[in-house]
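Visitor: Need coordinates for the following:
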Amino acid sequence: MKKGFKKNIGLLHLWLGLGSGLIVFIAALTGSILVFEKEIDGAIYPEYYNVATIGKTKKTIDYCTTILQKQYSIKKITRIYTFNDPSRTMQILAKDSDKKAQFFSIDPYTGKVLATTPQESRFFVVVLSLHRQLLMGDAGKIIMGSSCLIFAFMLVSGIVLWWPKKIKNLKQRLTVKWDASFKRVNWDFHSTFGFYSFLILLVISLTGLSFAFDWFQNGVYFLADGTTKRPSAKVKNPTKIDPKLNNTAFYQSIYNKADSIFPYTGNIQIRMPIDTINSITVLKENIEKTIPNQSSAAYFDKYTAEEIEARPYESFSVGDKIKRLNYPVHTGSIYGLPTKIVAFLVALFAATLPITGLLIWLGKKKKKKKH
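Guide: Residues are numbered from 1 along each chain as shown. Alright, predicted model coming up:
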């Protein structure tokens, strides 16, 4: 019975692995690159991240946006990123007259536009789209999510296949016999390092499913909060008609109010609504905390800049907090450089699994032909 079970698991492991191997390879390879996205992007394009000279005082956000709108045919500003680090640039995402998203880097001390590029052509935007959607939109998202689900099964089934029949053989399964034949080294590498990286890869896979499937995210909320219902991340705008106020400090006013509402050190992101119904969302990340992505939210009237509602991070449900931990856990950034290095190495190893697995299958096939 046990032998038949293991044989069936082996067949599933084989054919699911062959079917999803290319997608897993792409996901793992792009994932390993995305682990160090900020570091790589900052090294290649420093003008998007750091100013040449740190000034004494920063210009208002509205001063910077006014210069931007004068120099470029900006139709609508969608996001503004500000940073507590004095060496950082201000980053603005806006749509031009052709409704195409443009990414701008601005010196907050002078208001000068340092760099600009179409958002969709940014290297890591392309890599992320490949990682999540295979550059194929919703269809690619389903394919990638399904492959992620298969990979999670592959990890569990791999442990079943790895598990030795006798305890005395356990030591042999825990080491790679480097001086053996290529076939043996390949098998050891696939199975032994698969065992060592099993737990980390399983966590990465499960957190990846949250990005791919709403049903999985709803399941997390149900387990954490006992319900899949959650407060909307958007708040309707109370003012229905633009009163056309002469407000020359609109964005700066919102920034100052949000900074005052949440009196801790943090980076502030202003998100303009993409529709005509909802209000402005402001997120302030608490960089004083060890664990990243602990952001509080405040909502402001998109016409008058008046505060509507504030939601401190502490008021979020357990499900909401888990959701916010999902990204740093998935990318390995949760505890900084040490966990990033671990995530990078196991992601690179995951990229080798379809290759070494294919070689194992070809070796067995060749052996059968000889017999």
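
Visitor: For the top strand by length along the chain, which residues meet the burial criterion?
Guide: Longest strand in the chain by number of residues (criterion: DSSP state E): strand 74-82. Within strand 74-82, the residues scored as buried using 16 or more other CB atoms under 10 Å are 74, 77-78, 80-82. C-betas here are computed from N, CA, C, even on glycine.

Visitor: now those in JSON lines, with distance to residue 294?
Guide: Below are the buried residues of strand 74-82 laid out as JSON lines (distance: CB to CB, whole Å):
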{"residue": "74", "distance to residue 294": "32"}
{"residue": "77", "distance to residue 294": "26"}
{"residue": "78", "distance to residue 294": "24"}
{"residue": "80", "distance to residue 294": "20"}
{"residue": "81", "distance to residue 294": "17"}
{"residue": "82", "distance to residue 294": "17"}
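
Visitor: hey, where'd the helices end up in the stretch 151-300 of the chain?
Guide: Using DSSP state H, counting those that start in this stretch, the helices found in the stretch 151-300 of the chain span residues 170-173, 182-196, 198-212, 214-225, 250-261.

Visitor: ok so, going back, show me what the longest strand of the chain is packed against.
Guide: helix 61-71, strand 90-96, strand 266-271 (3 or more CB pairs under 8 Å, 6 or more residues apart in numbering; DSSP states H and E).

Visitor: what's the closest of these to residue 239?
Guide: strand 266-271 (17.5 Å; CB to CB).

Visitor: contacting residues around that closest one?
Guide: Strand 266-271 has contacts (CB atoms under 8 Å, 6 or more residues apart in numbering) with 61, 78-84, 251, 254-255, 258-259, 280-288, 295.

Visitor: can you rerun that using 6 Å?
Guide: 79-84, 255, 258, 281-287 (CB atoms under 6 Å, 6 or more residues apart in numbering).

Visitor: and the angle for that strand with strand 74-82?
Guide: Interaxial angle, strand 266-271 versus strand 74-82 (axes from the mean of the first three to the mean of the last three CA atoms, to 10 degrees): 160 degrees.

Visitor: CA atoms of strand 266-271 as PDB?
Guide: C-alpha atoms of strand 266-271 as PDB (Å, rounded to 0.1, in the frame of the first residue of the first chain):
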ATOM      1  CA  GLY A 266       8.100  57.400   8.200                       C
ATOM      2  CA  ASN A 267       7.800  57.600   4.500                       C
ATOM      3  CA  ILE A 268       4.600  59.000   3.100                       C
ATOM      4  CA  GLN A 269       2.800  58.000  -0.100                       C
ATOM      5  CA  ILE A 270      -0.100  60.000  -1.500                       C
ATOM      6  CA  ARG A 271      -2.400  58.100  -3.800                       C
END
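
Visitor: Let me know the angle separating that strand from helix 250-261.
Guide: Angle, strand 266-271 to helix 250-261, by the same axes, to 10 degrees: 140 degrees.

Visitor: Now list the buried members of the contacts of strand 266-271.
Guide: Those of the contacts of strand 266-271 that meet the buried threshold are 80-83, 255, 258, 281-286, by 16+ other CB under 10 Å.

Visitor: As a markdown table, the helices and strands packed on strand 74-82 with distance to residue 211, mean pLDDT and mean neighbour count would be great.
Guide: Formatted as a markdown table, the helices and strands packed on strand 74-82 follow (distance: least, CB to CB, whole Å; pLDDT from 0 to 100; neighbours: other CB atoms under 10 Å):
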| stretch | distance to residue 211 | mean pLDDT | mean neighbour count |
| --- | --- | --- | --- |
| helix 61-71 | 31 | 94 | 18 |
| strand 90-96 | 20 | 95 | 20 |
| strand 266-271 | 19 | 97 | 20 |
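
Visitor: out of those, which comes closest to residue 245?
Guide: Taking CB to CB, helix 61-71 is the member of the helices and strands packed on strand 74-82 nearest to residue 245, at 12.9 Å.

Visitor: Poorly predicted segments of the stretch 151-300 of the chain, please.
Guide: By pLDDT under 70, the stretch 151-300 of the chain has no low-scoring segment.

Visitor: same thing but at 80, please
Guide: 168-169, 246-247 (pLDDT under 80).

Visitor: Contact partners for residue 93?
Guide: 78-79, 103.

Visitor: between those residues, which is closest to residue 315?
Guide: Looking across those and measuring by CB to CB, the closest to residue 315 is residue 79, at 23.7 Å.

Visitor: Okay, the spatially closest residue to the closest one that is not a sequence neighbour and residue 149: tell me how far apart.
Guide: Nearest residue to residue 79, sequence neighbours excluded (CB to CB, 6 or more residues apart in numbering): residue 93, at 4.2 Å. According to CB to CB, to the nearest Å, residue 93 and residue 149 sit 32 Å apart.

Visitor: Same question for residue 241.
Guide: Taken as CB to CB, the span from residue 241 to residue 149 is 47 Å.

Visitor: ok so, going back, tell me which residues are up against the longest strand of the chain.
Guide: With CB under 6 Å, 6+ apart, strand 74-82 has contacts from 90-97, 268-272.

Visitor: and what of stretch 107-125?
Guide: Contacts of stretch 107-125 (CB under 6 Å, 6+ apart): 37, 41, 47-48, 51, 55, 58-59, 63-64, 67, 90, 101-106.

Visitor: how about 8 Å then?
Guide: With CB under 8 Å, 6+ apart, stretch 107-125 has contacts from 34, 37, 40-41, 44-45, 47-48, 51-59, 63-64, 66-68, 71-72, 82, 89-90, 93, 100-106, 126.

Visitor: Just the buried ones from the residues you listed, in ChimeraX syntax?
Guide: Buried subset of those, written as a ChimeraX selection, criterion 16+ other CB under 10 Å:
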select :34,41,48,51,58,59,63,64,67,68,82,89,90,93,101,102,103,104,105,106
